[in-house]
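Trainee: make a model of this:
(one chain, ligands or ions: 2)
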Amino acid sequence: MTSQTKNPNVNAWIEDMIALTKPDKVVWITGEKAQLDSLRNEALSTGELIHLNQEELPGCVYHRTAVNDVARVEDRTFICSRSKDDAGPTNNWCDPKEMYAKLTPMYDGAYKGRTMYVIPYSMGPVGSPLSKIGVELTDSIYVVLNMVIMTRVGTEVWEAFGDTSNDFVRCLHAKLNIDKENRYIVHFPEDNTIWSINSGYGGNVLLGKKCFALRIASYQGKNEDWMAEHMLILGVEKPNGEVKYISAAFPSACGKTNLAMLIPPKTYTEKGYKVWTVGDDIAWLRQNKKDGKLYAINPEFGFFGVAPGTNAKSNLNALQSCKKDTIFTNVALNNDNETVWWEGLDKNPPVNATEWTGIKVNGPEWIASGKVLANPNSRFTAPALNCPCISKEFDNPQGVPISAIVFGGRRAKTAPLVYQAFNWQHGTFVGSTMASETTAAAAGAVGVVRRDPMAMLPFCGYHMGDYFKHWLKIGKELGANAPKIFHVNWFKLDDNGHFMWPGFGDNMRVLDWILQRCEDAVDAVECPIGYLPKPEDINLDGLEEMTIDSIKDLLNIDKALWTQEVVNIKEFYAKFGNRLPNELNVELSALEKRLQK
Ligand code: OXD
Ligand code: MN
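Mentor: Ligands and ions are numbered 1, 2, ... in the order given. You can find the predicted model right below:
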């Protein structure tokens, strides 16, 4: 098939990549059903994909990655800016010339005997002023089919792009030998280029997601006055039909997808409240020049969600989303590959199971022996439009206006259930000091605090000190229109190690307080770390297990722990040297003083 675009920049780059990788064949992805069906059938015939029961799971397929290739690889992820300083202390860096010189021989002939697929895709609604375009070259049908779910793929992308633009991200992926020792996920922000080699796992190869929509886009946003953030976006519809939007950043595996698809408790649904999902992982935000407010789009088109732990209680809407046209990766199979299963789905592991590496086992016995059936990072790739609560604004090219920004982490003791920052600058400080504590489920010591500013530690494509500066600059531009900033912690533990807050749908009660604060409809109590709710202002209607005293405990601020927190933040800030904006040191000193009072 010949080129689908007249754009000389695209064509020249693809010709260069063909000369380098030497594919047997080049296929331009049009996004048409017949083409995708034929690719799916080809992958099913080679075993790259596995058929599932099409009556129970219509349009769904299964894929198993190599055992050594099941997660993002932060230690093999690089930001290759020309200056080391521009990548900052939180990224791996290599000189771009050196990295090109190292990887070019690896890509030389990497597609021999294989097909190059050319995927034109838009991050965000096609043609939206907030969207950006990318082209991914890959030798994997699995990548093509995932990209079609996760981004807007097809011929119309070329049209929106025009004949001369050079503003597209050049993404080159090659599976090569899935060799762990030579796996590289490399970003050249100054060249709008991403190179990924020796992996077939989602986060490393669906280059529109973390690589483009966060690492490259955060760099673009810094230069073009917008923000790319690791945030969900949800809308809360009130009984009068008005919808208010919240975006929220939590580190990976803290329940962003669950919060984005929250089903409110009865006390809210009975009154007519609804929650609508705009996005579950990434938000692109920009000030609207007409009304001065901050608007957000979800640049993605699907959900690449973690399967284990997803169930009717934690996230019924996610379960519904993956009932059709979904790709399952590394979950367990049931009844000779009929359906899928994962830990936490229900209490009935299949007897006739195939665990994620492909061994046929008796599920209950396998689990009883301490092993898992699904890989802990197994995934579903589901179209966003499958989601029963997908927002009507999902495709709105202007995005949605954001009333509140919420940061959060997994803290056993320190952080209260919710508090509000005093203002944008203080909110930037709160975001920059965000942290999670390791749990018993993760490898390593329990209770170790890992700072993850704005949940962007693995995803910021430039120096994080400059990133904080960018946050402060955007806040100044927004002025009185700036969203209010909050911090939540669903994971506070009591002295017996039990969660003090029920979480899941009941988090709506906290969102309710947040939105009331945005509308100046409720008072708060000023304390050293910010504004706390009055305990009676958290709606406990229908929540028998909670009392006003348990809310008081959840909102308690332990000064000794916060004094230790200040010491810990100082240590963390020292990393950024003189690129840490002074405003954040001012906020840190102010917090220290308030705690001493
Ligand atoms: C993700 C992550 O996969 O944050 O979304 O790791
Ligand atoms: Mn994520």
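Trainee: separation between the residue of the stretch 251-400 of the chain found nearest ligand 1 and residue 304?
Mentor: In the stretch 251-400 of the chain, the residue that lies nearest ligand 1 is residue 252 (3.4 Å; C-beta to the nearest ligand atom). In this view, the C-beta of every residue, glycine as well, is placed from N, C-alpha and C. Distance of residue 252 to residue 304, computed by C-beta to C-beta, to the nearest Å: 12 Å.
Trainee: neighbour count: those two, which is higher?
Mentor: Comparing residue 252 with residue 304 by other C-beta atoms under 10 Å, the one with more neighbours is residue 304, at 22 against 19.
Trainee: the residue sitting nearest the centre point of the chain: what's it in contact with?
Mentor: Centroid-nearest residue in the chain: residue 281, 3.0 Å away (criterion: C-alpha atoms, centre = their mean). By C-beta atoms under 8 Å, 6 or more residues apart in numbering, the contact set of residue 281 is 209, 230, 231, 232, 256, 257, 300, 303, 304.
Trainee: what about 10 Å?
Mentor: The neighbours of residue 281, taking C-beta atoms under 10 Å, 6 or more residues apart in numbering as the test, are 150, 209-210, 213-214, 229-233, 252, 256-257, 260, 298-300, 303-305, 455.
Trainee: in helices, which of the residues you listed appear?
Mentor: 150, 256, 257, 260 (DSSP state H).
Trainee: contact residues of the stretch 1-150 of the chain facing ligand 1?
Mentor: Proximity of the stretch 1-150 of the chain to ligand 1, by C-beta under 6 Å from any ligand atom, involves residues residue 72.
Trainee: any idea where the helices of the stretch 1-150 of the chain begin and end?
Mentor: Secondary structure of the stretch 1-150 of the chain (DSSP state H, counting those that start in this stretch): helices at 8-21, 33-46, 84-87, 96-107, 141-150.
Trainee: how about the stretch 301-450 of the chain?
Mentor: Assigned by DSSP H, counting those that start in this stretch, the stretch 301-450 of the chain shows helices spanning 312-321, 363-368, 424-432.
Trainee: now these in CSV, with mean neighbour count?
Mentor: Putting the helices of the stretch 301-450 of the chain into CSV (neighbours: other C-beta atoms under 10 Å) gives the following:
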stretch, mean neighbour count
helix 312-321, 19
helix 363-368, 15
helix 424-432, 23
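Trainee: common neighbours of residue 252 and residue 304, please.
Mentor: Shared contacts of residue 252 and residue 304, defined by C-beta under 10 Å, 6+ apart, are found at 203, 210, 281.
Trainee: how far away is the residue of the stretch 1-150 of the chain found nearest ligand 1 from residue 252?
Mentor: Closest residue of the stretch 1-150 of the chain to ligand 1, C-beta to the nearest ligand atom: residue 72 (5.9 Å). Using C-beta to C-beta, residue 72 is found at 9 Å from residue 252.
Trainee: burial measure for the closest residue to residue 151 other than its chain neighbours, as a count.
Mentor: Once flanking residues are discounted, residue 151 sits nearest to residue 121: 4.0 Å by C-beta to C-beta, 6 or more residues apart in numbering. Burial of residue 121 is recorded as 28 neighbouring residues (other C-beta under 10 Å).
Trainee: what sits against residue 121?
Mentor: Residues near residue 121 by C-beta under 10 Å, 6+ apart: 29, 31, 132-136, 147-148, 150-154, 157, 168-169, 171, 206-208, 212, 301.
Trainee: so it bridges to which residues?
Mentor: Assessed by DSSP bridges, residue 121 has beta-bridge partners residue 134, residue 153.
Trainee: one step back: and the ones in helices among the contacts of residue 281, which are buried?
Mentor: Neighbour counting with 16 or more other C-beta atoms under 10 Å marks 150, 256, 257, 260 as buried within the ones in helices among the contacts of residue 281.
Trainee: am I right that the last one is in contact with residue 249?
Mentor: It refers to residue 260. No. At 11.9 Å, residue 260 does not count as touching residue 249 under the criterion of C-beta atoms under 10 Å.
Trainee: which residues are common contacts for the two?
Mentor: Contact with both residue 260 and residue 249 is made by residues 231, 232, according to C-beta under 10 Å, 6+ apart.
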